[in-house]
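# sequence first, then the predicted structure:
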Amino acid sequence: MVATLTSPSLLIFHEDREVAELSYHLDTETFHLVYSADWVKKGFPLSPHLPLFGEIPPENTKKFLENLLPEGDVLKTLARTLKITSSNIYALIASVGRDATGAFSFVQQGQKVETSFRPIPADELKTRIQERATKPIVLWDGKPRLSLAGVQEKLAVTLRDGVYGFGEGRLASTHILKFSRKDQYLVLNEFFCMKLAEKVGLPVAPVEMVNLGERVLQVERFDRLWQDPEHIKRLHTIDGCQALNAPPDFKYQRIVPVGADRDLYLGPINVENLSSFSRSCLVPAKAQMQLLQWILFNLLIGNTDNHGKNISYFVSERGYELAPCYDLVNVTVYEDYHQELAFRVGETFILEEVKAVQLSEMAEEMNLSSRFVAGQLEKLCLEVLKHTAGISGDDLSVEETKFLQKLRENIEARTKSFLEQSALLAKS
């Protein structure tokens, strides 16, 4: 299909291979995805709900695209910078889709993206980080540079030979820089939780704290692999919402969070559905184990924000595999933050109410025995308690040291409580 006045279109590429054409029909306000003949023969579907064969429902395509975009204030800032509305999905993808999450690039018809690397001098990067409250960090050299999903303020960069920059063409972003809000110590929080996950044996995205005028969390992307100095291979991933065909607005199980009838309106992001999808993965037992560990670890650290966009799967011709953990944060240390669980554990959305009974109900939803879940929980609890004291940061201020101690005590107290519940669960 050729782009027309009523149906603008983008080409989707994987490396140098054309994958599909994405068109937007202005008269019906619907998206249409058509795979190329070559990709149908040798490729794989972008998601389980965008199949290679048969007609693809336009709504499925829309949901997939929505999940590639940032959310909340970050999306509003990006849209305002581009002078479009935040609901204009096509325009947003056309603007930032060259380096989207996963393996695929979205480019204009007839456009050729040359391979280039635009270095960012250290002083420029530090200045832009300091000015981000008044000067959107999404805009560099007149171009939008943000193409990552999520609500947290972040910047995708290419790190080549120790130099930050923006890669184009056969280069792509390799790292994500994440920033704190004032007095939240979010960078320190996520660094601690990610390092703790690594210590207890969970697969995680590599992280480190760097000083760029302030503490910044540098996260290495697991969907990017250097092939040579001029080529970065892109690995395709989908998040939990894309896996379950849910829009980002439904990333929490509770769609209506208030009201007496709120439990009548529950979305698809839940333990049972995530478990069912994991059982369809390339190695079902491995995916199930990783999912279980992800759920249990988030309970231990007090991460009530482990929603459908904070879990991802690799996608390839071979099938689906669970990707490393990311966005691990203790939410319960922020008393003014909404504390309800992202999805129900057993029959409760309240973290403090998750006991042996609720864990047994969760085990049943996952087709696992209570004794097996109890064993995994006990093992995780013991590992967490073993490693919390050994994780710290360099040159912490007095306030940061106090926050870190509060974080440790919070996690240790909850972990000891869950250790007791693991013994009860083993007897159920």
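In hand now; what should we look at? Numbers count the residues shown, from 1 in each chain.
# how many neighbouring residues does R128 have?
For R128, the neighbour count with other C-beta atoms under 10 Å is 18. Glycine gets a C-beta too; all of them are placed from N, C-alpha and C.
# go ahead and confirm it touches K135.
Yes - checked against C-beta atoms under 8 Å, the pair R128 and K135 is within contact range at 7.0 Å.
# export stretch 269-281 to PDB, keeping only CA atoms.
Included here for stretch 269-281 are C-alpha records, laid out as PDB according to Å, rounded to 0.1, in the frame of the first residue of the first chain:
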ATOM      1  CA  ILE A 269      -3.300  -8.500  33.900                       C
ATOM      2  CA  ASN A 270      -3.500 -11.100  36.600                       C
ATOM      3  CA  VAL A 271      -1.600 -14.100  37.900                       C
ATOM      4  CA  GLU A 272      -3.600 -16.700  36.000                       C
ATOM      5  CA  ASN A 273      -3.200 -15.000  32.600                       C
ATOM      6  CA  LEU A 274       0.500 -14.300  33.100                       C
ATOM      7  CA  SER A 275       1.000 -17.900  34.200                       C
ATOM      8  CA  SER A 276      -0.900 -19.200  31.200                       C
ATOM      9  CA  PHE A 277       1.200 -17.100  28.800                       C
ATOM     10  CA  SER A 278       4.400 -18.300  30.500                       C
ATOM     11  CA  ARG A 279       3.300 -21.900  29.900                       C
ATOM     12  CA  SER A 280       3.200 -21.100  26.200                       C
ATOM     13  CA  CYS A 281       6.900 -20.000  26.200                       C
END
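# and T127, how close does it get to G213?
Relative to G213, T127 is positioned 8 Å away (C-beta to C-beta, to the nearest Å).
# again with Q109
Taken as C-beta to C-beta, the span from Q109 to G213 is 41 Å.
# with L125 instead?
As for L125, its distance to G213 is 8 Å (criterion: C-beta to C-beta).
# these two: which is more packed in?
Of the pair L125 and G213, L125 is the one with more neighbours under other C-beta under 10 Å, namely 20 against 13.
# longest strand of this structure, counting residues only.
In the chain, assigned by DSSP state E, the strand with the most residues is strand 17-25.
# buried residues, that strand. List them.
Across strand 17-25, burial judged by 16 or more other C-beta atoms under 10 Å covers V19, A20, E21, L22, S23, Y24.
# cool, stretch 361-369 as well?
E361, M362, A363, E365, M366, L368.
# looking at the residues you listed, which is nearest L425?
Set against L425, the nearest of those by C-beta to C-beta is A363 (8.0 Å).
# ok, the closest one - contacts?
Residues in contact with A363, defined by C-beta atoms under 8 Å, 6 or more residues apart in numbering, are S369, S370, F372, V373.
# L202 and L292 touch, don't they?
No - under the criterion of C-beta under 8 Å, L202 lies out of contact with L292, with a separation of 10.9 Å.
# of those two, which one has the most company?
When L202 and L292 are compared on other C-beta under 10 Å, the one with more neighbours turns out to be L292, at 22 against 19.
# just the mean pLDDT for the helix or strand hosting that one, thanks.
Here L292, judged by DSSP states H and E, is contained in helix 284-301. Per-region confidence: helix 284-301 scores 98 on mean pLDDT.
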